[in-house]
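J.: Have a look at this prediction, sequence included:
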Amino acid sequence: MRNTCCRRLLSQRSRTAIHRFRIGICRTGLHILHGKHEGEAQEDSQTIATSPARLLLLAAPVVSCAALALAAPVHAHAADDTDGQISGNVRTDEEGNEKLSATMDGRTFEPSYFEQFAPRNALDMVDRLPGFQISGGGGGGGRGFGQADENVLVNGSRLTSKSDSVRDQLRRIPASKVVRIELLDGTALDIPGLVGLVANVVVRSGGLTGQFLWEGAVRTTEVDPEWYGGEISISGTSGALGYTFALENNNNRFGATGPTIFRDASGAQILREDTVFVGAFDVPRVSGALSYDFGGGTTANLNGYFARSFFDRVRNETRTFADGTVVDRFNARDGGSPEYEISGDFSFPLGPGQLKLIGLEAWDEEVSSSTLIDTPRDGTPATGSRFAVGGGDGERIGRFEYNWPMLGGEFQLAGEAAFNRLERISSLFELDANGEFVEIPFPEGTGGVTEDRYEAILSYSRQLTSSLALQASVGGEYSKIRQTGSAANSRSFRRPKGSASLAWQPEDGLDISLALERRVGQLDFEDFLASVTLEQDNENAGNNELVPSQTWEVTLEVAKTLGEWGSTTFVAEQRWIEDYTDLVPLAGGGEARGNIDEARRTELEWTTTLRLAQLGWKGAQLDLRLEYEEGEVLDPLTGALRDFSGRADRELEIDLRHDVPGTDFAWGASLNYNRIRPRFRFSEVSRDYEGPVFADLFIEHKDVFGLTVNLTAANLLGGRRYFDRTVFDGPRSDGLILFSEEQDERLGPIFRFSVAGSF
């Protein structure tokens, strides 16, 4: 593996060993233990650059943007037996029947089913589907567009926005425009990638409508109130044109208060920190979506958004040492950056099938800094450090999807070209005797990473019998990763991909699906460059030899309706992972994100909705969710098997809602529990978590002058914020404890409110 150079800076901050401050990057040889490197030989880039596949992929975003098309279908051309038109691309068979409803026997929920909940939008309705949980879609964390992974459709079309989550998009669809919601088996649909229960929201077009939501919170600690959260949106149609515009702000205030106790190896207290922790986060954002139906199966969509984030977090700490020395610590982080995305799709008939071209351009700028200053009360000079980051990351995607019927089923040929990039400038400073920050050379934290990735997938879907459906795909990807900066490098990879799934409905109300998939993971480009964490006195070296993980994944889902009682769903997932990414030790000391040869993960999830009217409690509904996860990976330091680092492995959610019959009142309660695994570094083991138990109560009135008003009292059982760690003087495998840290901070009760309305 290529050597990466780094440097360590030691700075004395106090009289005790725990006050030692290590920053920076070691100037030692970089060698990732148990690492795995593939694609050592460089490919002939000219061959790829001139191939017909690449030329077609590169043309996709040009054509789609020229057509002003967007990646989230919103409007339509198929008629419905209700007033207005159905929005979206609902596909039909030769007789003109909707194929989506005809394949397998779905469960259909009419608007009357949701009347007791008085929903404002499609999200309110989907959230009340029995035994169903929204998953996947949006968030920008996936590998390009790829095949569908979200379990929600609108009029038979996937929501393909990279920036908006499925929940965001559903919230902007008024409940009055929802014709029905169908729960279907994804394998039975002609949309590659869908497995298990899928909610298809059938929506009609209509005139101009608007919605608004105001939400906020008041806490019982020093945290400021939240007054400015919410969203206002309008949507409608004018002839063949559909539109949605939204203005929103993600407004979050957070914090905690409490002590942190440090102890030496014998258990004696050597330091106490008393902390007041407050923070603020705001992301105002404006977004819009346009759609146009040209007729004859030709449609275009255009989406875009612009946002600006603001982040500020301060921990004021009073540090009292065993010898009576008192130090005031200022520990702050702040940042803020603009981001945008524009994407589009253009779909039209071509030959025996339908061709869709998709394009996307996105950029998220990054500007942030962390500052830590210790000021002794005895008048001795203050010490401190600052770490600042600038730059950003972007993504550019071109994709085509061609669907056509053949051999009794539906084929799809899809190709995608994705160009990802990261630019980062890192600066490290130390406070001098004059109280000025002096920059320290830190070249390992500055550089860039780009990835050019090309993918081709051929998929086939077929209804084998009236109760059995098949979906299969095969393909692969080629990627080339380049890094600039002090550890410049360039590598290329070829990865096979594919999947196969069967959906079986042995009887009405029972759906069983089984899927096998070969998946390629997405790298975090920031792991290629060095970084530091001031408050934990930790540093990660960069690693220019990281490779994407590869996973074999088997998923079994069983969904059963319980008649008037409700519904239950069980999901079992098993993953075998190659090139798993975790922190690994470096030869000569230090650590970085690297690859471990193999890992295994098992996840079980059970979701159930029970209608308590069968017990005589009319209007009451109980939702339960249990999740169990177990991981197994070879610890790169000790060589022993251990669980994954830092993930939740046990979760429990219980939600009770009672819509009081004959009134506009509802009330309810929820209970949540989760358990977080420890995190493992070269010389420490830590665990950072909240709760672990949270309990809430709410009351809601569904018609306060036409508004829905909800008041919630949260964290009634006194869930707290905890951070525990044990730091070793050297590798943690040696067992020589330097100190331990126990943080126990009060979150306090939180009182939340929301006001929702329509216009």
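T.: Perfect, I can see it now. Numbering: from 1, shown residues only.

J.: can we go C-alpha only for contacts and neighbour counts from here?
T.: Fine.

J.: shouldn't Arg399 be in contact with Leu413?
T.: No: counting by C-alpha atoms under 8 Å, Arg399 stays clear of Leu413, with 10.7 Å between them.

J.: Of those two, which one has the most company?
T.: Arg399 (28 against 18; other C-alpha atoms under 10 Å).

J.: Mind pulling up the pLDDT for the more buried one?
T.: Looking at Arg399, its pLDDT reads 96.

J.: Over to Glu742?
T.: pLDDT, Glu742: 97.

J.: ok, now how distant is it from Arg679?
T.: From Glu742 across to Arg679, the span is 15 Å (C-alpha to C-alpha, to the nearest Å).

J.: hey, what's Phe419 bridged with?
T.: In this entry, Phe419 is beta-bridged to Arg396, Asp452, by DSSP bridges.

J.: and if you look at Gly242?
T.: Going by DSSP bridges, Gly242 is paired in beta bridges with Thr237, Ser291.

J.: mind checking pLDDT for it?
T.: Gly242 is given a pLDDT of 92.

J.: So what's the residue count around it?
T.: Counted with other C-alpha under 10 Å, residues neighbouring Gly242 total 23.

J.: measure it to Ala265 for me?
T.: 67 Å.

J.: Ok, Trp214 next?
T.: Trp214 is 51 Å from Ala265, by C-alpha to C-alpha.

J.: where's Ala472 relative to Val195, distance?
T.: 11 Å.

J.: so what sits against both of these two?
T.: Ser501 (C-alpha atoms under 8 Å, 6 or more residues apart in numbering).

J.: hang on, the earlier thing: looking at Trp214 and Ala265, which is more packed in?
T.: Under the criterion of other C-alpha under 10 Å, the comparison of Trp214 against Ala265 puts Trp214 first, with 18 against 14.

J.: pLDDT wise, what is that one at?
T.: Looking at Trp214, its pLDDT stands at 97.

J.: Equivalent analysis for Gly144, please.
T.: Reported pLDDT for Gly144: 71.

J.: Then Ile134?
T.: pLDDT, Ile134: 85.

J.: got the contact list for it?
T.: 127, 150-152, 166-167.

J.: which of those lies closest to Ile654?
T.: Using C-alpha to C-alpha, Asp127 comes nearest to Ile654 of those, at 14.3 Å.

J.: Skipping adjacent residues, who's closest to the closest one in space?
T.: Gln133 (7.3 Å; C-alpha to C-alpha, 6 or more residues apart in numbering).

J.: List phi and psi for that neighbour.
T.: phi -130, psi 130 (degrees, to the nearest 10).

J.: Verify the contact between Gly336 and Ala307 for me.
T.: No: the criterion here is C-alpha under 8 Å, and Gly336 misses it with Ala307 at 10.4 Å.

J.: Could you provide the contacts of Ile134 in TSV, with additional columns for pLDDT, distance to Ile577 and neighbour count?
T.: Converted to TSV, the contacts of Ile134 look like this (pLDDT from 0 to 100; distance: C-alpha to C-alpha, whole Å; neighbours: other C-alpha atoms under 10 Å):
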residue	pLDDT	distance to Ile577	neighbour count
Asp127	90	32	14
Glu150	79	22	21
Asn151	85	24	26
Val152	88	27	29
Val166	82	27	24
Arg167	86	29	19
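
J.: Show me where the stretch 51-200 of the chain dips below the pLDDT cut-off.
T.: Within the stretch 51-200 of the chain, the ranges that satisfy pLDDT under 70 run 51-106, 136-143, 146-149, 159-163.

J.: 90 instead, please
T.: For the stretch 51-200 of the chain, the stretches flagged by pLDDT under 90 are 51-108, 113, 116, 128-173, 176, 183-199.
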